[in-house]
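Enquirer: make a model of this:
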Amino acid sequence: MKQIRMLLLLTVVLFALVALPRGITNATSAGGCQTQSSQQPPPTIASAVDREISGVEKLILEVAEAMPEDKYNFSPESLNIPGSDYKGVRTFAVQVKHVAASNYFIWSPLTGEKLPEGLKDGNGPPNVNTKADIIKFLKESFALGHKAAAALTTENMLQAPEHSKSTRLHLASFGVVHAFDHYGQLVEYLRMNGIAPPASRLQSE
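Expert: Just a heads-up that it's a prediction; the model follows:
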């Protein structure tokens with residue numbers, strides 16, 4: 001009887017030792033509760049595009065916040081760099097407004113929403129000119145982008161929306177590409193004013 005008890009005890013201990021590493025691994029990978037696969041839904045075309053929109057949105061909002069308001073009217077033309085050709089380039093404020101305005105022009109066909117009042121060209125509404133108003137305009141344009149991404153499906157992504165020759169997928173992704181293009185320019189505007197972009201600060205810490 002004593003031998004049977006000892007055998008059962010050894011079996012339980014061995015089982016626990018074998019199961020422990022697996023339990024630790026699962027707990028670590030799932031935040032101590034669930035496995036990663038049970039936490040995240042399977043990816044879709046909409047979620048993949050939405051993630052890209054969120055990424056560039058974060059970067060551009062950070063640089064827009066990082067530039068002091070008294071520098072919003074800065075453009076490289078004011079530096080008078082010998083040999084440069086910055087005459088007539090957009091100010092920092094208009095660069096940010098251009099991203100927001102373009103977001104509306106690119107993504108509104110996917111949602112069917114009307115353009116904001118006063119939005120007639122790529123430079124944005126003329127009455128949006130304070131830092132707070134420009135950032136608000138920018139945030140609202142990216143909110144439209146998230147709606148556009150959510151409307152994408154495997155069935156409609158290669159269809160062209162009304163009044164457009166481009167596919168829905170192209171429009172949704174081109175908004176991201178265009179925003180990244182101007183993010184690079186906004187970063188240079190910051191650095192010309194001695195300001196490190198927030199994303200670069202994190203990497204250097």
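Enquirer: which helix or strand contains V99?
Expert: helix 92-111 (DSSP states H and E).
Enquirer: likewise for A149?
Expert: helix 131-150.
Enquirer: may I see the buried residues of whichever helix or strand comes after that helix?
Expert: Scanning forward in sequence from helix 131-150 by DSSP H and E, the next helix or strand is helix 168-192. Buried residues in helix 168-192, counted by 16 or more other CB atoms under 10 Å: 168-173, 175-176, 178-179, 182-183, 185-187, 189-190, 192. C-beta: built from backbone N, CA, C; applies to glycine.
Enquirer: tell me where the chain is predicted with low confidence.
Expert: Low-confidence segments of the chain, defined by pLDDT under 70: 1-38, 202-205.
Enquirer: could you chop it up by domain?
Expert: By the assignment in automatic domain parsing, the chain contains the domains 2-36, 42-204.
Enquirer: give me whichever of these is most buried.
Expert: Highest mean neighbour count among the domains of the chain (mean count of other CB atoms under 10 Å): domain 42-204, with a mean of 16.
Enquirer: so G83: helix, strand or coil?
Expert: Assigned by DSSP: H, G, I helix; E, B strand; the rest coil, the conformation of G83 is coil.
Enquirer: follow-up on the earlier one: any idea how far the helix holding V99 is from the chain center?
Expert: Put simply, helix 92-111 sits 14 Å off its chain's centre (CA atoms, centre = their mean, to the nearest Å).
Enquirer: CA atoms only for that helix - export them in CSV, please.
Expert: Presented in CSV, the C-alpha positions along helix 92-111 are these (Å, rounded to 0.1, in the frame of the first residue of the first chain):
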residue,chain,number,x,y,z
PHE,A,92,4.7,73.7,-41.7
ALA,A,93,1.0,74.6,-41.0
VAL,A,94,0.0,74.1,-44.6
GLN,A,95,2.0,70.8,-44.8
VAL,A,96,-0.1,69.4,-42.0
LYS,A,97,-3.3,70.8,-43.5
HIS,A,98,-2.3,69.3,-46.8
VAL,A,99,-2.1,65.8,-45.2
ALA,A,100,-5.5,66.3,-43.7
ALA,A,101,-7.1,67.7,-46.8
SER,A,102,-5.6,64.9,-48.9
ASN,A,103,-7.0,62.3,-46.5
TYR,A,104,-10.4,63.7,-47.1
PHE,A,105,-10.1,63.7,-50.9
ILE,A,106,-8.6,60.2,-50.9
TRP,A,107,-10.8,58.5,-48.4
SER,A,108,-14.2,60.2,-48.7
PRO,A,109,-15.1,58.2,-51.9
LEU,A,110,-14.8,55.0,-49.8
THR,A,111,-17.3,56.2,-47.1
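Enquirer: please name every helix or strand in contact with it.
Expert: With contacts defined as 3 or more CB pairs under 8 Å, 6 or more residues apart in numbering; DSSP states H and E, helix 92-111 has these neighbours: helix 45-66, helix 131-150, helix 168-192.
Enquirer: which elements pack onto the second one?
Expert: Here helix 131-150 touches helix 45-66, helix 92-111, helix 168-192, going by 3+ CB pairs under 8 Å, 6+ apart.
Enquirer: just want the angle from that helix to helix 92-111.
Expert: Counting by axes from the mean of the first three to the mean of the last three CA atoms, to 10 degrees, helix 131-150 lies at 30 degrees to helix 92-111.
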